[in-house]
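Peer 1: predicted model and sequence follow; I will ask about them next.
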Amino acid sequence: MSIKKENSKIIRLAHGAGGILQQELIEFITKNIPYKNVNNGIGIEELDDGATIPLINYEKEIVVTADGHTIYPLFFPGGDLGSLSICGTANDLIMMGAEPLALTSVIIIEEGFEFNKLKKIVNSMNFMAAKARIAIIAGDTKVMPRGTLNEIIIATTGIGIKDKNIKILDNNIKTEDHIILTGSIGDHGTALMASREGLNISTDLKSDISLLLEIFSAIKYEIDNNLIHAMKDPTRGGIAAALNDWAAKSNVSIWIDEEKVRIKNQVIAICEMLGLDPYNIACEGRALLAVDPKYSQDILKKIKSTQIGKDAEIIGKVKAENPKRVFLKTIVGGTRFVDMPLGEPIPRIC
Amino acid sequence: MNIPGLDVLRSKEFTGKIIEKINEITKEIGKPVKFMHVCGTHEHTISKYGLRTLIPKEIEILSGPGCPVCVCPAADIDKAIELGKRNDTIITTFGDMIRVPATNISLAELKARGSDVRIVYGPNNAVKIAKENSDKEVIFFAIGFETTVPLVGYELQSEPPSNFSVICAHKLIPAALELLISQSQLKIDGFISPGHVSTIIGLEPYEIFSQGYKIPNVISGFEPNDVLLSILMLLKQVRDKKYDTLNEYSRVVKPEGNIIAQRVIEDVFDPVSSPWRGIGRINEGGLVIREKYTEYDADKKFDIKIEKSQDIPPGCSCHLVMVGKLYPYECKLFRKECTPINPIGPCMVSMEGTCSIYYKYYSEQNS
């Protein structure tokens, strides 16, 4: 029994995996922060993708996001740590309805890391930043003694701008809203898992890593007019975590039609082999949107007109009954519950 | 990549047709029926696809003792833990096993304390570890039903190094079915039998249930329409008062099973009366290593005796969940003290454990 108590006092990997444990960790860190917002803007207590700083006597507000980027392997099918850090930062800003302006980047490197690997990472940061038209305006570097860090990590702060009246928030979802998903799920996490050593899975599957800017531009009108109530990129914990988060924060239930959720055959096959659930697996270039049902078809059409959103679908709707829960109508017509993932998805062995 | 057959096995149209027929025959039967499966993967399919919400209320699908890590007695895990405490040992086992709580701790906790406990994909990996670590005793903690037994048997036949041994905690499914039938209060009208176990043992071992005990039996695959079709095949037998062992999973299971694997099992192991966690001793319910392979039997080699062990912690209802007498949400610890992060009983650990499946797929509203 004493061992169990000891275990509960340490940070486990699962504390960083987007599930219930991560919520506990964030609560632990943030509960005693003295000032949690600026000018009554969105602050840390909202636990949204970022925060806002409303500008007094001005119709705009600054949107700020923070993100730490680590990944293994550093170079994976479809991207690398560099592209991940820019896309992740820009996408977080976009998910708040903000136009990305600039970012800062802190690069912490382990002693012994090769310059040519760093070059590749920096090159893809620059490539993605150009694509996102986002400036990299400040940064810092640290080198850590060998063994005190695994290769390299990047921490970014994203800065964007938006109209004060745009309210795209996790707690802003309304009953009857339609849920749009912009593409297939599970590509990123599954591609990564397949490329890790020891599993020997050969597949042409690539990460879905991409900038959501194209979608943002396509639906700018709907964003400006508050026809989109919430947006989220389902990274850690996959769409299961994102939808549960929404249901809890907006006090609604979300009903998903499994038939409408696109999952690539490679993802299905690899996940079934490893005993993983694609709903819990990270995407890096997809978005979930909760939208006004009267405009959902228009919005869907605009998203489908973009390259990265061509496979978008309306996958479900929002109801008032059984709040804080996510339900799934399965492909064969049954109904089940979609749980908040508990921790890091680990391949089953037996 | 294409997954052959999925268009049929997961097709809603096909599901609709089967359900229509199931509704029709259930009406003809005119009374409630109880079917039981004995495979964690069947429970997984039923829950993941919400199959219980598709079939009429008159059909109850019970979950039997089909999770191999759940039925492994705490005393056997304790044995592995005791051996793991020595500094000259490496304990190897399947991933699902290491988090299962035994009398005091689990193998995962032993590992956290600094012992060498490794997850392997199969016994062949454990033998490889033994070859690479000749100064250590490498012990494979062998669990599982007929599906995993031949793999272990094959390794023992292939002259593994002398620093390799096995804790044999294998269990046999047909004996457990017989025990369930003898528990008269369950009154099971049919068995959905495990496809993977049957791939090895074939159809013959089930004949005693259909013909002797007059309980219909269908060997089922693991896709949603496999399971629904098996339910339909059972219903037809109930309606017509027929008692056969039928094979729904004929694309994989041969009537005679896998003869080569059966010979390996026979050569290496002996069926014995064996304890199942939370269920009790089952006649011919487990296996021991035969005399001629005794040098690889960790029981003989190390002479570890576990005096006292505890299968079911106070308050836990795994012993009732495992034989279908209680649904997980009827246990007072479920979703409260007992969660997949902090499992109290064995059924909350493995993805084949009934409690862990119910935790993931059933809310208060649909359970």
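Peer 2: All right, it came through fine. Keep in mind that what you see is a predicted model, and the values were worked out from it rather than measured. Residues are numbered from 1 along each chain as shown, chains lettered A, B, ... in the order given.
Peer 1: list the contacts of residue B:170.
Peer 2: Residues counted as contacts of residue B:170 (C-beta atoms under 8 Å, 6 or more residues apart in numbering or on different chains) are B:142-145, B:148-149, B:152, B:269, B:286-287. Quick note: C-beta positions are derived from backbone N, CA and C, even for glycine.
Peer 1: any stretches of the stretch 251-350 of chain A with poor pLDDT?
Peer 2: Along the stretch 251-350 of chain A, segments meeting pLDDT under 70 span A:343-350.
Peer 1: do the same with the stretch 51-200 of chain B
Peer 2: For the stretch 51-200 of chain B, the stretches flagged by pLDDT under 70 are B:184.
Peer 1: point me to the residue of it nearest chain A.
Peer 2: At 3.1 Å from chain A, residue B:95 is the closest residue in the stretch 51-200 of chain B, using C-beta to the nearest C-beta.
Peer 1: that residue: how many residues sit nearby?
Peer 2: Neighbours of residue B:95 under the rule other C-beta atoms under 10 Å in any protein chain shown: 18.
Peer 1: just checking, it touches residue B:119?
Peer 2: Yes - at 4.5 Å, residue B:95 counts as touching residue B:119 under the criterion of C-beta atoms under 8 Å.
Peer 1: who's in contact with residue B:153?
Peer 2: Residues counted as contacts of residue B:153 (C-beta under 8 Å, 6+ apart) are B:264-265, B:267-269.
Peer 1: repeat for residue B:261
Peer 2: Applying C-beta under 8 Å, 6+ apart, the residues near residue B:261 are B:150, B:200.
Peer 1: what about 10 Å?
Peer 2: Counting by C-beta atoms under 10 Å, 6 or more residues apart in numbering or on different chains, residue B:261 makes contact with B:146-147, B:149-151, B:153-154, B:199-201.
Peer 1: cool, residue A:35 as well?
Peer 2: A:43-44 are the contacts of residue A:35 under C-beta under 10 Å, 6+ apart.
Peer 1: looking at chain A, which helix or strand does the model trust least?
Peer 2: helix A:2-7 (a mean of 43; mean pLDDT, DSSP states H and E).
Peer 1: next structured bit after it?
Peer 2: helix A:20-30 (DSSP states H and E).
Peer 1: and the helix or strand following that next one, what does it pack against?
Peer 2: Next helix or strand after helix A:20-30 toward the C-terminus (DSSP H and E): strand A:51-54. In terms of contacts (3 or more C-beta pairs under 10 Å, 6 or more residues apart in numbering or on different chains; DSSP states H and E), strand A:51-54 is packed against strand A:60-69, strand A:152-163.
Peer 1: isn't the residue of the stretch 51-200 of chain B closest to chain A up against residue B:122?
Peer 2: No - using C-beta atoms under 10 Å as the test, residue B:95 is too far from residue B:122 to be in contact (11.3 Å).
Peer 1: for the closest residue to chain A within the stretch 201-350 of chain B, give me its contacts.
Peer 2: When scored by C-beta to the nearest C-beta, the stretch 201-350 of chain B has residue B:224 as its residue closest to chain A, at 4.6 Å. Residue B:224 is in contact with A:330-334, B:9-12, B:14-15, B:18, B:45-46, B:48-51, B:54, counting by C-beta under 10 Å, 6+ apart.
Peer 1: buried subset of those, written for PyMOL?
Peer 2: Here is the PyMOL command that selects only those of the contacts of residue B:224 that count as buried (16 or more other C-beta atoms under 10 Å in any protein chain shown):
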select buried, (chain A and resi 330+331+332+333+334) or (chain B and resi 9+10+11+14+15+18+45+46+48+49+50+51+54)
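Peer 1: strands - which of the contacts of residue B:224 land there?
Peer 2: Per DSSP state E, strands hold no members of the contacts of residue B:224.
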